[in-house]
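Asker: sequence isn't available, so here's the structure alone:
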Ligand SMILES: O=C(O)C(=O)C[C@]1(C(=O)O)C=C[C@@H](O)C=C1
């Protein structure tokens, strides 16, 4: 006998028998899912016990990436791949938490896109630790007070986050994952209006990402850069004359109302984050490797440096340069290539790159983000 369902509202109070029978079947499926989830969780617990005997790491990013990839490929629909991934992210996160709840540092405060990246990658079964600076995220992870760190690397509109690139050079940590977060910027204020607003605050990058929209819609209002979007939302929550540009979750967190939604000039605006830790990922078959190189200062050196990549069939995904800051015209090249450093063609190309370069560091090989 089906239990009484109290969720029926006014719209179907008369009770369509087809609706009732569909709900009975949904209840059955939920019970089956629950039994399967419990079975999965017990297996993860067993894995956890085995790992304890060898002191093996709880978090296996390459295994989680493979689980997601196989599910995406096997997904018969009608649920979209992103929904399947979000659901399984939480399932795996909860199973992982049964083994051990990890601490993960990110560029805070709460409510920033960095926090969103952390949740998207690790799910909610971790303790998010907000750090005031990118340096602090690296420091906490290196010191081992957290298990991993999440740092912004580049934005599709605004380009590289230079501080992160500089710290990749110095750190002993390795990149173990990347996270892509669509960045939707929203204008928000206490009353959901621009009336009486004399300044708009946000992180400098966010202001820059909305410059066209702001020029068109708020020409007379002063723009003030602040430390983060979450800080902007906090300031706007204290003062009706201040509006903020931030992610939607910051509005909810600080009791603000949206004046305008999705005001970034590029509708596909997104930010790429890196997960850093003391863990080196094994190959999954769909990986990416991040390198930092520098060359002797002579004609044709850059060409000679990257030529082995093409010759060994290694695709380059990103090429960025940063001054070496030694007062000379020297540069570090930040290069992302497809493949894992243990793949034969990548390993051979890397060997040649090392021979041709004055400096060569592999910051990590890790599974490529897909969505
Ligand atoms: O396969 C493992 O090593 C597990 O610990 C299980 C599991 C999972 O729930 O599937 C959990 C955490 C790891 O990061 C990877 C996978």
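Answerer: Done, it's in. The structure presented is a predicted model; accordingly, all values stated were derived computationally and were not measured.
Asker: tell me the secondary structure at the residue of the stretch 1-150 of the chain found nearest the ligand.
Answerer: Residue nearest to the ligand within the stretch 1-150 of the chain (CB to the nearest ligand atom): residue 95, separated by 3.4 Å. Heads up, the C-betas are built off the backbone N, CA and C, glycines and all. Secondary structure assignment for residue 95 (DSSP: H, G, I helix; E, B strand; the rest coil): helix.
Asker: that one: what's its closest spatial neighbour, skipping adjacent residues?
Answerer: residue 44 (3.6 Å; CB to CB, 6 or more residues apart in numbering).
Asker: contacting residues for that neighbour?
Answerer: 95, 96, 98, 99 (CB atoms under 8 Å, 6 or more residues apart in numbering).
Asker: adding pLDDT, distance to residue 73 and neighbour count, write these out as TSV.
Answerer: Converted to TSV, the contacts of residue 44 look like this (pLDDT from 0 to 100; distance: CB to CB, whole Å; neighbours: other CB atoms under 10 Å):
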residue	pLDDT	distance to residue 73	neighbour count
95	98	21	20
96	98	22	22
98	97	27	15
99	96	26	19
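Asker: write out the residues of this protein neighbouring the ligand.
Answerer: Neighbours of the ligand within the chain, by CB under 6 Å from any ligand atom: 44, 47, 59, 60, 63, 64, 67, 92, 95, 96, 99.
Asker: element containing the second one, please.
Answerer: Element membership for residue 47, per DSSP states H and E: helix 17-54.
Asker: after that helix, next one along is what?
Answerer: In N-to-C order, the element after helix 17-54 by DSSP H and E is helix 61-74.
Asker: quick check: angle from that next one to helix 17-54?
Answerer: Angle between the axes of helix 61-74 and helix 17-54 is 150 degrees (criterion: axes from the mean of the first three to the mean of the last three CA atoms, to 10 degrees).
Asker: name the residues that touch helix 61-74?
Answerer: 81, 84-85, 88-89, 92, 176-177, 275, 279, 281-284, 286, 366-367, 370.
Asker: and that helix, how far from the chain's centre?
Answerer: 17 Å (CA atoms, centre = their mean, to the nearest Å).
Asker: and what of stretch 55-69?
Answerer: On CA atoms, centre = their mean, the centre of stretch 55-69 falls 16 Å from that of its chain.
Asker: report the buried residues of it.
Answerer: 58, 59, 60, 61, 62, 64, 65, 67, 68, 69 (16 or more other CB atoms under 10 Å).
Asker: residues touching the lowest-mean-pLDDT helix or strand in the chain, excluding its own?
Answerer: Here the helix or strand of the chain ranked lowest by mean pLDDT, DSSP states H and E is helix 301-311, holding a mean of 87. By CB under 8 Å, 6+ apart, the residues outside helix 301-311 that reach it are 293, 295, 315-316, 319, 333, 335, 337, 348-349, 352-353, 356-357.
Asker: about what we covered before: residues of the helix holding residue 47 that come out buried?
Answerer: So, applying 16+ other CB under 10 Å, buried residues of helix 17-54: 44, 47, 48.
Asker: same question for stretch 136-155.
Answerer: 136-142, 146-155.
Asker: straight-line length of it, end to end?
Answerer: End-to-end span of stretch 136-155 (CA to CA, to the nearest Å): 21 Å.
Asker: all further residue positions should be reported with the first residue as 49.
Answerer: OK, 49 is where the count begins now, so the last one is stretch 184-203.
Asker: the residue of the stretch 49-198 of the chain closest to the ligand contacts residue 89, doesn't it?
Answerer: Yes - with contact defined as CB atoms under 8 Å, residue 143 reaches residue 89; the gap is 5.4 Å.
Asker: quick one, helices of the stretch 99-248 of the chain?
Answerer: 109-122, 129-147, 161-170, 182-191, 210-218 (DSSP state H, counting those that start in this stretch).
Asker: so the third one versus helix 182-191, what angle?
Answerer: Following the same axes, to 10 degrees, one obtains 30 degrees for the angle between helix 161-170 and helix 182-191.
Asker: next: the shortest one.
Answerer: With the same axes, to 10 degrees as the criterion, the two stretches helix 210-218 and helix 182-191 enclose an angle of 30 degrees.
Asker: give the contact list for residue 379.
Answerer: Applying CB under 8 Å, 6+ apart to residue 379 gives the contacts 342, 369, 370, 371, 372.
Asker: wouldn't the fourth one be in contact with residue 378 here?
Answerer: Going back to what we said before, that points to residue 371. Yes - in terms of CB under 8 Å, residue 371 counts as a neighbour of residue 378; the distance is 7.2 Å.
Asker: who has more neighbours, these two?
Answerer: residue 378 (15 against 12; other CB atoms under 10 Å).
Asker: for the more buried one, which non-adjacent residue is spatially closest?
Answerer: residue 372 (4.0 Å).
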